[in-house]
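Q: Could you look at this predicted model? Sequence included:
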Amino acid sequence: MAKDLFSEINNAVLDLQSSQLQTYERPLKKLAQLLRHPDLEPYNAELTEGLDVEAFIAESEKSGGSMIGSAQLAWPDDPKQALGLTLLLIEKLAADPGYATNFGHHFFYSGNKVIAGIHALTGQLIIPFVRDYKRADSKVKCNTCQPVRSADDNHLLALSPAQA
């Protein structure tokens, strides 16, 4: 599994992007499962250390007025903290997909269709997260694999089994 971890993450995001109301739960849960891969755990622990996703959500809730779509997430200025909070948020949304639809509708309002909130959340939160998570790959360690890098050597494309 570790050999193609980021490819599997990309596939889960693509599946989520093209999902319908009846099918979005599976790719959302798959994404969270892949992000909990043991090879990513040390990096994830560092990213989320000292962060409280519930406090982040509570602070964000204060931004909403009476108009639908006026609520905004209260992102910290530190990009590492924002990345860690997004990771925790993805885990929370995957643990309760019903909450994910409400969250998407509240913070990423895109019309009356419930799935529109999930698609907006995917495009505005999850896709940028995965992009930035890959870019922060210098701290991602894999005990059983080695990185496959882009031609310009700036991005981790995948993790492949280490050559013996």
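A: Ah, there it is. Numbering: from 1, shown residues only.
Q: Please, where are all the helices along this protein?
A: 5-17, 25-35, 41-48, 53-61, 79-95, 97-107, 114-121, 127-135 (DSSP state H).
Q: So which of the ones you listed is nearest Leu73?
A: With respect to Leu73, and counting by Cβ to Cβ, the nearest of the helices of the chain is helix 53-61 at 4.7 Å. Glycine gets a C-beta too; all of them are placed from N, C-alpha and C.
Q: buried residues in the closest one?
A: Of the residues in helix 53-61, Val53, Phe56, Ile57, Ser60 count as buried by neighbour count, 16 or more other Cβ atoms under 10 Å.
Q: Pick out the residue closest to the middle of this protein.
A: Centroid-nearest residue in the chain: Ile126, 4.3 Å away (criterion: Cα atoms, centre = their mean).
Q: so what's it up against?
A: For Ile126, the contact set (Cβ atoms under 8 Å, 6 or more residues apart in numbering) comprises Val13, Leu16, Leu31, Ile90.
Q: Please tell me which one of the residues you listed counts the most neighbours.
A: Leu31 (26 neighbours; other Cβ atoms under 10 Å).
Q: That one reaches Glu8, doesn't it?
A: No. At 9.2 Å, Leu31 does not count as touching Glu8 under the criterion of Cβ atoms under 8 Å.
Q: before we move on, back to that, going by distance to Gln72, which of the buried residues of helix 53-61 wins?
A: Ser60 (6.8 Å).
Q: Distance check, the closest one against Gly104.
A: In this view, Ser60 and Gly104 are 13 Å apart by Cβ to Cβ, to the nearest Å.
Q: do the same with Gln72
A: Remark: distance between Gln72 and Gly104 (Cβ to Cβ) = 14 Å.
Q: Between the two, which is the more surrounded one?
A: Gly104 (24 against 11).
Q: any idea how far Pro42 is from the more buried one?
A: Here the criterion is Cβ to Cβ. By it, Gly104 lies 30 Å from Pro42.
Q: thinking again about what came up before, let me have the helices of the chain in CSV, extended by mean pLDDT.
A: CSV is the format used below for those (pLDDT from 0 to 100):
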stretch, mean pLDDT
helix 5-17, 95
helix 25-35, 98
helix 41-48, 95
helix 53-61, 96
helix 79-95, 97
helix 97-107, 93
helix 114-121, 94
helix 127-135, 94
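Q: Thank you kindly, that will do.
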